[in-house]
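*Asks:* this is a predicted model, with the sequence first.
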Amino acid sequence: MCFSIPLKVKKVEGSIALLEGGKTVRLGKELKVKEGDYLRVTGNVAVGKLSKIEGQKIRRLIKSLNK
């Protein structure tokens, strides 16, 4: 089972996305990503895209588990 924290896209340059926190990831050809989107990341590869609502919801849930 994989666990990934949604990360917000700050900038897209070709097949590379710069995410919050300075992390960069490779984008697959099938992912259409723009600034402000949320990505599921495993290692240095984006494995999926989430809506802004889904990304924020998952982050709030994870944050609530740390209390």
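*Replies:* Now that the structure is in, tell me what you want to look at. Residues are numbered from 1 along each chain as shown.
*Asks:* so where is the protein shaky, pLDDT-wise?
*Replies:* Where the chain drops to pLDDT under 70, the residues are 1-2.
*Asks:* got the CA positions of stretch 16-29 in CSV?
*Replies:* Extracted as CSV, the C-alpha positions of stretch 16-29 are listed here (Å, rounded to 0.1, in the frame of the first residue of the first chain):
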residue,chain,number,x,y,z
ILE,A,16,8.8,18.8,-14.8
ALA,A,17,6.6,20.3,-12.1
LEU,A,18,8.0,22.4,-9.2
LEU,A,19,5.9,21.7,-6.1
GLU,A,20,5.6,23.5,-2.7
GLY,A,21,8.6,23.0,-0.5
GLY,A,22,10.9,23.1,-3.5
LYS,A,23,10.3,19.5,-4.6
THR,A,24,10.4,18.7,-8.3
VAL,A,25,8.7,15.8,-10.0
ARG,A,26,8.5,14.3,-13.5
LEU,A,27,5.1,14.4,-15.1
GLY,A,28,3.8,11.6,-17.3
LYS,A,29,2.4,12.5,-20.7
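*Asks:* what residues sit buried inside it?
*Replies:* When neighbours are counted by 16 or more other Cβ atoms under 10 Å, the buried residues of stretch 16-29 are found to be 17, 19, 25, 27. The C-beta positions use only the backbone N, C-alpha and C, and glycine is treated the same way.
*Asks:* so the third one makes contact with residue 41?
*Replies:* Yes. In this structure residue 25 lies within contact range of residue 41 using Cβ atoms under 8 Å: 5.4 Å.
*Asks:* shared neighbours of those two, anything?
*Replies:* With contacts defined as Cβ atoms under 8 Å, 6 or more residues apart in numbering, the residues shared by residue 25 and residue 41 are residue 19.
*Asks:* against residue 46, how distant is the spatially most central residue of the chain?
*Replies:* To find the centre residue of the chain, average its C-alpha atoms and take the closest one (Cα atoms, centre = their mean): that gives residue 39, at 2.2 Å. Taken as Cβ to Cβ, to the nearest Å, the spacing of residue 39 relative to residue 46 amounts to 4 Å.
*Asks:* which neighbours do the two share?
*Replies:* When contacts are counted by Cβ under 8 Å, 6+ apart, the set common to residue 39 and residue 46 consists of 17, 25, 31, 33.
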